[in-house]
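Enquirer: just need the structure, nothing else, for what follows:
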Amino acid sequence: MNMSHATHDGLREVHAITRKLETEFSRPIGLLVDLQGPKLRVGKIESGAIRLTQGDILSFVRREAIGGLGRVQLPHPEIFEAVEQGHVLLLDDGKLKLRVVEASDVRIDAEVMTSGVLGSRKGISLPDTVIPMGALTDKDRADLECAMSLGVAWVALSFVQRAEDVAEARKIARGRSAIMAKIEKPSAVNHLREIIDLADGIMVARGDLGVEMPVEKVPGLQKQISRAARNAGKPVVVATQMLESMIYAPVPTRAEVSDVATAVFEGADAVMLSAESAVGKYPVEAVATMDRVAKEVERDPLYAAIIHAQRIDPQATESDAISAAARTVAETLKLAAIVCYTATGATSLRAARERPQQPILALTPIPSTGRKLALVWGLHCVLTDDPRDLDDMVEKACRIAYQEGFALPGEQVIISAGVPLGTQGATNLLRIATVGDGSDE
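Expert: Numbers count the residues shown, from 1 in each chain. A predicted model of the protein is given here:
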């Protein structure tokens with residue numbers, strides 16, 4: 001749900017529909033609320049727009065005034081505090097480029113680098129400037145509280161510049177929702193490691209990233225961000241303009257299909273539509289196309305080799321060692337599936353980080369955990385009670401693997417869990433089990 005356009009009533013309506021479908025299909029469904037973040041815009045212009053010609057000097061002023069020839073209001077004091085000579089200013093989604101020649105607390109003079117027309121209230125981006133403002137506006141805080149009250153699984157944080165922005169959102173969320181940091185600003189790229197450490201997930205927000213950085217750098221950054229998030233065991237989403245032409249056309253371009261495929265080959269946990277499904281003429285077709293492309297890539301004979309080449313060594317913890325061992329055993333013995341019992345989701349996240357060839361069943365008694373894990377690579381989440389003992393653990397895992405269509409009678413699965421059962425953060429057990437025929441059901 002994009003809160004740049006959605007209302008709280010609209011969010012509640014979609015939430016209610018989703019929960020109804022969740023009950024109907026017995027499948028945890030995760031909702032992601034995308035916060036708007038600060039919107040930096042120029043002020044009003046007297047005639048509605050002015051033409052800027054290369055070499056012109058445009059002055060941005062703090063005082064409230066209607067813009068005109070050679071001058072426009074910029075109602076953001078934070079920009080005047082941070083911008084410096086030589087910094088680049090991008091207007092109207094990067095269509096106009098200016099470079100600062102002089103800056104003070106009340107006025108910024110910038111030389112026009114690319115000609116064009118600037119309209120009233122158009123957006124401004126500052127790729128070279130770290131702006132002294134947080135990622136959350138008053139509107140974002142209200143939207144965040146609404147999402148929290150509904151128990152939304154994920155909140156996507158816009159305008160992230162540094163790790164402190166993620167820390168602020170986490171403090172407000174207090175664990176009620178997972179925080180996904182959107183990487184859309186050069187300063188966020190520069191602080192990527194610290195941001196990944198604090199966030200629960202990462203989104204490669206290529207739209208704004210492609211405005212604030214040279215577009216030719218975005219594909220490489222997408223790979224760097226995706227791999228850094230995967231190495232940390234954090235889910236990563238690739239978003240924006242993936243099937244853009246399907247806003248108006250029933251089929252995508254070949255280049256768009258290749259773009260989606262590249263993200264899947266790179267090991268992204270999820271690929272995300274935006275305008276295609278929000279306002280496009282063919283939302284169902286867009287979702288179906290994305291689904292077909294992702295499935296076809298994962299059937300490609302080169303897929304396993306590409307994913308395996310990106311695999312890193314497990315961290316020196318019991319849980320990581322167990323997850324790596326589960327993947328090795330499952331692939332060596334050609335088992336039907338990996339079954340993880342998880343309370344917080346940590347065990348399943350570690351299993352997914354290994355990118356095994358087998359499907360992963362994540363069994364949890366906690367609905368919020370199942371919803372959070374819904375976007376994680378390879379996970380099929382099932383809500384079920386904690387097992388009573390080890391025998392019940394094995395019986396339940398085999399029964400669910402059979403019922404969900406992941407294992408046939410006589411096939412084997414590998415089960416990871418923590419002993420004592422129900423103990424959080426104590427994944428220390430692996431068990432191979434044979435699936436029965438379900439006749440005792």
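Enquirer: so, low pLDDT: which residues of the chain?
Expert: Low-confidence segments of the chain (pLDDT under 70): 67, 421-426, 437-441.
Enquirer: apply 80 and report the result again.
Expert: For the chain, the stretches with pLDDT under 80 are 65-69, 310-319, 418-428, 437-441.
Enquirer: and it, what are its domain boundaries?
Expert: Per automatic domain parsing, the structural domains of the chain span 8-38+134-306, 49-125, 318-434.
Enquirer: could those be laid out in CSV, adding mean neighbour count and distance to residue 1?
Expert: The C-beta positions use only the backbone N, C-alpha and C, and glycine is treated the same way. Formatted as CSV, the domains of the chain follow (neighbours: other C-beta atoms under 10 Å; distance: least, C-beta to C-beta, whole Å):
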stretch, mean neighbour count, distance to residue 1
domain 8-38+134-306, 18, 5
domain 49-125, 16, 21
domain 318-434, 20, 14
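Enquirer: need the ones you listed in CSV with distance to residue 312, can you?
Expert: Output for the domains of the chain, formatted as CSV (distance: least, C-beta to C-beta, whole Å):
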stretch, distance to residue 312
domain 8-38+134-306, 5
domain 49-125, 34
domain 318-434, 9
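Enquirer: what residues are up against residue 242?
Expert: With contacts defined as C-beta atoms under 8 Å, 6 or more residues apart in numbering, residue 242 is in contact with 256, 259-260, 263, 271-273, 276, 290.
Enquirer: you'd agree residue 78 is up against residue 129?
Expert: No - with contact defined as C-beta atoms under 8 Å, residue 78 does not count as touching residue 129 (9.4 Å).
Enquirer: most centrally placed residue in the chain?
Expert: The chain has residue 203 as the residue nearest its centroid, 3.2 Å off, counting by C-alpha atoms, centre = their mean.
Enquirer: ok now do it, which residues does it touch?
Expert: Contacts for residue 203 (C-beta under 8 Å, 6+ apart) come out as 156, 180-183, 236-239, 272.
Enquirer: next: residue 204.
Expert: Residues counted as contacts of residue 204 (C-beta under 8 Å, 6+ apart) are 183, 221-222, 225-226, 236-239, 268.
Enquirer: please redo it, this time with the cut-off set to 10 Å
Expert: Residue 204 sits next to 182-184, 218, 221-226, 229, 236-240, 263, 266, 268, 272 when contact means C-beta atoms under 10 Å, 6 or more residues apart in numbering.
Enquirer: of those, which belong to strands?
Expert: Judged by DSSP state E, strands contain the following of the contacts of residue 204: 182-183, 236-239, 272.
Enquirer: these: which two are farthest apart?
Expert: Comparing every pair within the ones in strands among the contacts of residue 204 by C-beta to C-beta identifies 183 and 272 as the most remote, at 13.3 Å.
Enquirer: before we move on, the earlier item: closest one of the contacts of residue 242 to residue 354?
Expert: Using C-beta to C-beta, residue 263 is the member of the contacts of residue 242 that sits closest to residue 354, with 19.3 Å.
Enquirer: you'd agree the closest one is up against residue 240?
Expert: No - using C-beta atoms under 10 Å, residue 263 is not in contact with residue 240, being 11.1 Å away.
Enquirer: what strand or helix carries residue 176?
Expert: Per DSSP states H and E, residue 176 falls between elements, in no helix or strand.
Enquirer: again with residue 147
Expert: helix 138-150.
Enquirer: follow-up on the earlier one: if I look at residue 263 and residue 240, which residues touch both of them?
Expert: 204, 206, 272.
Enquirer: okay, these in CSV with distance to residue 24 next?
Expert: Shown next, in CSV, are the shared contacts of residue 263 and residue 240 (distance: C-beta to C-beta, whole Å):
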residue, distance to residue 24
204, 33
206, 34
272, 24
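Enquirer: ok, the residues you listed vs residue 54, which is closest?
Expert: The closest of the shared contacts of residue 263 and residue 240, once distances to residue 54 are taken by C-beta to C-beta, is residue 206, at 27.7 Å.
Enquirer: contact partners for the nearest residue to that closest one once chain neighbours are set aside?
Expert: Spatial nearest neighbour of residue 206, excluding adjacent residues (C-beta to C-beta, 6 or more residues apart in numbering): residue 240 at 4.4 Å. Residue 240 makes contacts with 182, 184, 203-210, 218, 272-275, as judged by C-beta under 10 Å, 6+ apart.
Enquirer: could you pull out the strands for the stretch 251-400 of the chain?
Expert: Assigned by DSSP state E, counting those that start in this stretch, the strands in the stretch 251-400 of the chain fall at 270-272, 337-341, 360-364, 379-383.
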